[in-house]
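Engineer: Any chance you could fold what I've pasted below:
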Amino acid sequence: MVLILGGAPVWGQSAQPGPGKPALTFSTEEMARELTGIAQELLRSKKYEKAAKTLKQLVFLKPEDAGLHFQLGQTYLKLGRYQDAVKAFKQAILFKADFAEAHLGLGGAYILMDRPEDAIEVLNRGLRLQENNVEGHTLLGSAQLLLKNYSEAAAAYRRAVQLDPKSAEAQLGLGQTYNYLGKYQEAVEALTQTVRLDPRNAGAHLELAAAYSNLGLYEQGLAACREALRLQPDWPEVHYGLGVFYACTGQYTDAVLAYKLATRLKPDFYEAFTGEGEALTQLERYDEAVDALHTAIRLSPDYARAHFSLGCAYLRQGVKTGALEQYEILSTLDLHLARTLFHYIVQDFVPR
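Structural biologist: Now for the predicted structure:
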């Protein structure tokens, strides 16, 4: 006979602490420490989605911790969630107005959102708080470059380079800006330094190739372009660059092939169709040239160079009426090119 004492069986009883033994609980600080460790590990492992969720839990526990909001903003940038990043950086600034890095992070988010005017405002605020921040000056240069304020961009990049000559990003920005300013030798110097610091940066090699092209140093430019191609073989702009160099050195068949590769990778690449048409014109393959140039114009009706090149192709073909039609269109797009084409037409001059 089994003697049953009052109460439920053991497995049916709810767990209750024994006399004098309190239930196990975590304080907010202990939970925060645990979640912080998890978040840091997720960030190290580049598991940004999970890291963002963990950081949001942390922010819930410690809503006035500016550093957590800043870290969440940085994580959102990694995820391409720029609007969320803006909100997080603003929260960091709300709780710590002199948080320079948060201002700079907000500026970076605005640049990625193509809001350079807003970026400049907050970046200048951040740099007033931390005037020797290399990243801040580099970001300021990027924002000014987006606005085509080339002199201001160069000044910001130069300051970044002065603070850290080994900043490949600052050197690259400076080289790009010098290209826009027409300071091609200075561009070569900055970009040569960039590829020394970051030899696997295909964009830096391509920008260096452009600087060499502007100086008429086609062999050096071709070598830089080929290095960019080796690093990033599926980049349409690299194939376009090769086409430009081949055309500049009279290698028109190779130029056509390079331009065709560019348009295969990027079907709306109207500049490459234009280059292809120009190279085909030089090869006296006029029907193909006209087709390529018509494609460029269909993709970008206001692209003046395509209209000019089409007019020249028509002249080479002996079709003056076609050339005159392109002159009429050019007269509303680019007066200089229109006058040049008209001069060719009335002088019965066939451009090479």
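
Engineer: who does the longest helix seen in the chain touch, helix- and strand-wise?
Structural biologist: When the chain is parsed with DSSP state H, its longest helix is helix 28-44. Counting contacts by 3 or more C-beta pairs under 8 Å, 6 or more residues apart in numbering; DSSP states H and E, helix 28-44 packs against helix 48-61. Just so you know, the C-beta spots here come from the backbone N, C-alpha and C atoms, and that holds for glycine as well.

Engineer: Please point out which parts of the helix it packs on sit buried.
Structural biologist: By 16 or more other C-beta atoms under 10 Å, the buried positions in helix 48-61 come out as Tyr48, Ala51, Ala52, Thr54, Leu55, Lys56, Leu58, Val59.

Engineer: how far off helix 28-44 does that helix point, in degrees?
Structural biologist: On the basis of axes from the mean of the first three to the mean of the last three C-alpha atoms, to 10 degrees, helix 48-61 is oriented at 160 degrees to helix 28-44.

Engineer: what about helix 48-61, average pLDDT?
Structural biologist: What helix 48-61 shows for mean pLDDT is 91.

Engineer: Stretch 345-352 now?
Structural biologist: 75.

Engineer: Okay, now the unreliable bits of this structure?
Structural biologist: 1-26, 349-350, 352 (pLDDT under 70).

Engineer: Quickly note the distance from the most centrally placed residue in it to Lys78.
Structural biologist: Note on the chain: the residue nearest the mean C-alpha position is Leu112, at 8.3 Å, using C-alpha atoms, centre = their mean. According to C-beta to C-beta, to the nearest Å, Leu112 and Lys78 sit 11 Å apart.

Engineer: Over to Leu139?
Structural biologist: Relative to Lys78, and taking C-beta to C-beta, Leu139 is found at 16 Å.

Engineer: Show me which of those two is the more surrounded one.
Structural biologist: Of the pair Leu139 and Lys78, Leu139 is the one with more neighbours under other C-beta atoms under 10 Å, namely 27 against 14.

Engineer: Just list the residues touching that one, thanks.
Structural biologist: Leu104, Gly107, Gly108, Ile111, Ala119, Leu123 (C-beta atoms under 8 Å, 6 or more residues apart in numbering).

Engineer: Which members of those residues are positioned in helices?
Structural biologist: Per DSSP H, the contacts of Leu139 map to helices at Leu104, Gly107, Gly108, Ile111, Ala119, Leu123.

Engineer: re the thing from before, give me the buried positions along the longest helix of the chain.
Structural biologist: Neighbour-count burial for helix 28-44 [16+ other C-beta under 10 Å]: Ala32, Leu35, Thr36, Ile38, Ala39, Leu42, Leu43.

Engineer: Nearest to Asp287 among those?
Structural biologist: Distance to Asp287 across these (C-beta to C-beta) is lowest for Leu43, with 58.1 Å.
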